[in-house]
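J.: Just need the structure, nothing else, for what follows:
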Amino acid sequence: MRKKNKILILGGVVIALVLVVLGVINVAASSVSLVVSPPTQKMILAPGDKYTNSIVVSNANNSIKDLKYTVRIGSYSESKGENSKDDYGDVDVVSVSSYNQMMEWITFDKKSGTVAPNEKDVVTYTINVPEDAPAGGQYASVIIRDDTDSDKDGNGNVAIKSNFQFATILYAEVTGTTRKEGEIIDNSMPSFLLNGPLTAEAMVKNNGNVHTDAEFTLQVWPLFSDEELCTNEEEPETSLILPDTERYHAQTCDLPSFGIFNAKQVVKIFDKTSIVERTVIICPLWLLFVILFVIIALIIWIFMKVRKRKSSRKDDE
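T.: Numbers count the residues shown, from 1 in each chain. Just a heads-up that it's a prediction; the model follows:
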């Protein structure tokens, strides 16, 4: 009887914990209501220009009466690390550089607002480009922050203050004397794999003063066939790279677990192009052991054969 009671108590505790977790998930989900669009905007500016555009702020959650938000400007750059794939592509909205001067040129029609459920609001910004603005790239981020107060909605659900924030990244090119220079630091892929997929890696650097899209193309086909297993030749992968910034890029191709293939990767940035071609062998570890076993067995067989012949000759003598 006691054992049965313990089981019932334990079951009740488990059910209570599940309900609590589901409740937390429901509350967390109800708090994520902020949607900002578009994620990026690109523009070409001239010194002395006045440029105006807008960003849409949406309240995508029914359980919150009103979404309160605030608007601020932030810088935008990319981290520069050592030659490690983990050091590239991180967004930094704190550091300020010569390419973040646009932060000082931007004004908003509002610094805050309120959006009803399933409704949208528009934030308009204006860029007043100075007459002496430097030619080249300028970058900034318009950061929209969810500042909805903790409260209860009409259904009695707790709407926790989320403090979520999202940004629209502004990519601008100021006309004038621009420098478009880049280099391809690495373009490589392995020649031997124990299993797939095949990963081709590259690292490029933008030495210019304007942003650009680097292009990465990967083609793979069997050794004795022209039928491509992977190709993005028609639509290369692209990666936008800011001035004075390095970028690591990897692209993959899923291949059979055993075989010999031809592979080709093409990397482009500005007027630079790098082409790497490899014959790639994929052989699983178990097959290597089988091949090694066969080779050792063959060597032993040959050794025994030679030894037996020598022994036979001695007996004949």
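
J.: list the buried ones in stretch 229-248?
T.: Neighbour counts over stretch 229-248 (16 or more other C-beta atoms under 10 Å) mark 229-230, 236, 239-248 as buried. In short, each C-beta sits where N, CA and C put it, glycine included.

J.: just for the stretch 201-317 of the chain, where's the confidence low?
T.: Scanning the stretch 201-317 of the chain with the threshold set as pLDDT under 70 gives 313-317.

J.: Mind jotting down where the strands sit in it?
T.: In the stretch 201-317 of the chain, the strands defined using DSSP state E, counting those that start in this stretch lie at 212-222, 230-231, 237-241, 245-253, 259-269, 272-282.

J.: List just the one of the ones you listed that sits closest to Met304.
T.: When these are compared by C-beta to C-beta, strand 272-282 sits nearest Met304, at 31.4 Å.

J.: tell me the angle of the closest one relative to strand 259-269?
T.: 160 degrees (axes from the mean of the first three to the mean of the last three C-alpha atoms, to 10 degrees).

J.: who's in contact with Phe289?
T.: For Phe289, no contacting residues are found, by C-beta atoms under 8 Å, 6 or more residues apart in numbering.

J.: Please report how far it lies from Ile296.
T.: Distance, Phe289 to Ile296, by C-beta to C-beta, to the nearest Å: 10 Å.

J.: Kindly report the same for Thr279.
T.: Thr279 is 27 Å from Ile296, by C-beta to C-beta.

J.: and if you look at Pro284?
T.: Pro284 is 19 Å from Ile296, by C-beta to C-beta.

J.: Do a quick rundown of the helices in this protein.
T.: Applying DSSP state H to the chain gives helices spanning 2-31, 285-316.

J.: Following the record's annotation, map out the domains of this structure.
T.: Domain ranges of the chain: 32-174, 182-285, per automatic domain parsing.

J.: how about the ones you listed in CSV, adding distance to Phe303?
T.: Output for the domains of the chain, formatted as CSV (distance: least, C-beta to C-beta, whole Å):
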stretch, distance to Phe303
domain 32-174, 47
domain 182-285, 26
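
J.: So for Ile300, which of these sits nearest?
T.: domain 182-285 (22.5 Å).

J.: Distance from that closest one to the middle of the chain?
T.: Mean-position distance between domain 182-285 and its chain equals 16 Å (C-alpha atoms, centre = their mean, to the nearest Å).

J.: next one: stretch 115-130
T.: The answer for stretch 115-130 is 27 Å, by C-alpha atoms, centre = their mean.

J.: Rounded mean pLDDT for that stretch, please.
T.: Across stretch 115-130, pLDDT averages out at 95.

J.: Now it: buried residues?
T.: Within stretch 115-130, the residues scored as buried using 16+ other C-beta under 10 Å are 115, 121, 123, 125, 127, 129.

J.: how long is that stretch end to end?
T.: End-to-end distance for stretch 115-130, by C-alpha to C-alpha, to the nearest Å: 34 Å.
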